[in-house]
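**Q** Could you look at this predicted model? Sequence included:
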Amino acid sequence: MTEFVFLFNIISLLLSAAAQVATWVLYRRTRSRRVFYFLMGNFLTFLILAVLTWDLYCSILGRDTRLRTNLWSLIDFCVCGLCAAIPHTIRPIKPARAVRAAELGFGAAAALLALLRLLSLTGKRYPLEAMGLYVAIYGLFSLALLYFGTSVLMNRKSFLSDAALRHYQRALDVTGASVLLLLPALIFVDFAGWLLPFYSRLVERGFSILPIFLGIMSVSIAIASALDVLEPIPVAGVDAVDGSFLRKYALSPREAELLPLLLRNLSYREIAEALFIAPGTVRTHVIHIYQKTGVGSRLELSRLVWSEHRGPAQESSR
């Protein structure tokens, strides 16, 4: 049984690596903030499973090394990193105050627990006992997973759905559903089960729910990322922005000045330097452009400009 669990962990690690590569290519293409934080979360989850797999490998061989003991501390820091990253993976382009508060809350709590865990390694005094610190870290992780799963399923229509992330969003729905389904088992098997006297008689040593979840997530995300990457995206040139487009969507003179720079895929800071305004002002203008044109991303805006420009061109050619 232990060898089977070890093999399943290896397969999950390979699937996770494939998802990491596919999602990285998708991020390089879209520069989506949500995809970036998902990359971080997937990498941290990969590290956690790698440590668990190494520990299981040492158990099979009957070896107990100092490295094996020290690596367990890495898991706690990875979990703290996940608590900070997970809320950002579902952040819309115009987050509400509650969303910002949740991100700040999870981030601050994760940073505090990571600091306390670091102090525990140095032997210094810290306000929580070892068991209390363990419960706090994995309790926060459970709340972050619950927040992720419920947010994905309850607010899926209100989330930003970029045209370039259409398949990715569907895979995120699958991931959120699997989180909610597997969370009770994850809490029992991976977090709190070993505290119970009869746990060792119910669960094989080294068994974890994490590889099951990671496998589901990796397959869905890898396939979705590949589909989104392979989907062709028409990119509108700067010359495609004409007066009729500006009048149709009632863009202000400043928004009309900013639009070509936005279509060149310049960063907010680069646009701000070109127009001699603050990056925050650029962000405000971009949000107004999105609202007026009814799009949610640069890619959707580019497609809209392309279609508006291509229509008259086709009519004139006839």
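**A** Okay, I see it.

**Q** can you pull the contacts of residue 147?
**A** 86, 87, 102, 106 (C-beta atoms under 8 Å, 6 or more residues apart in numbering). Bear in mind the C-beta positions are built from the backbone N, C-alpha and C, glycine included.

**Q** So of those residues, which two are at opposite extremes in space?
**A** In these, the most distant members under the criterion C-beta to C-beta are 86 and 102, with 10.1 Å between them.

**Q** ok, those two, which is more surrounded?
**A** A direct count of neighbours by other C-beta atoms under 10 Å for residue 86 and residue 102 places residue 86 higher, at 26 against 20.

**Q** Look at the residue lying closest to that one once chain neighbours are set aside and report its pLDDT.
**A** Nearest residue to residue 86 in three dimensions, chain neighbours excluded: residue 144, at 4.5 Å (C-beta to C-beta, 6 or more residues apart in numbering). On the pLDDT scale, residue 144 is placed at 93.

**Q** Is there a neighbour count for residue 144? I'd like the number.
**A** So residue 144, with other C-beta under 10 Å, has 23 neighbours.

**Q** Show the contacting residues for the residue nearest in space to the middle of the chain.
**A** The residue lying closest to the centre of the chain (C-alpha atoms, centre = their mean) is residue 38, at 2.0 Å. Counting by C-beta under 8 Å, 6+ apart, residue 38 makes contact with 23, 89, 172, 221.

**Q** need the contact list for the last one.
**A** By C-beta under 8 Å, 6+ apart, residue 221 lies in contact with 19, 22, 23, 38, 42, 168, 171, 172, 175.

**Q** between those residues, which is nearest residue 152?
**A** Nearest to residue 152 among the contacts of residue 221, with distances taken as C-beta to C-beta, is residue 172, at 5.9 Å.

**Q** burial measure for the closest one, as a count.
**A** Counted with other C-beta under 10 Å, residue 172 comes out at 24.

**Q** hmm, back to that, rebuild the contacts of residue 147 as CSV, extending it with distance to residue 190 and pLDDT.
**A** CSV is the format used below for the contacts of residue 147 (distance: C-beta to C-beta, whole Å; pLDDT from 0 to 100):
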residue, distance to residue 190, pLDDT
86, 16, 92
87, 21, 91
102, 23, 91
106, 19, 94
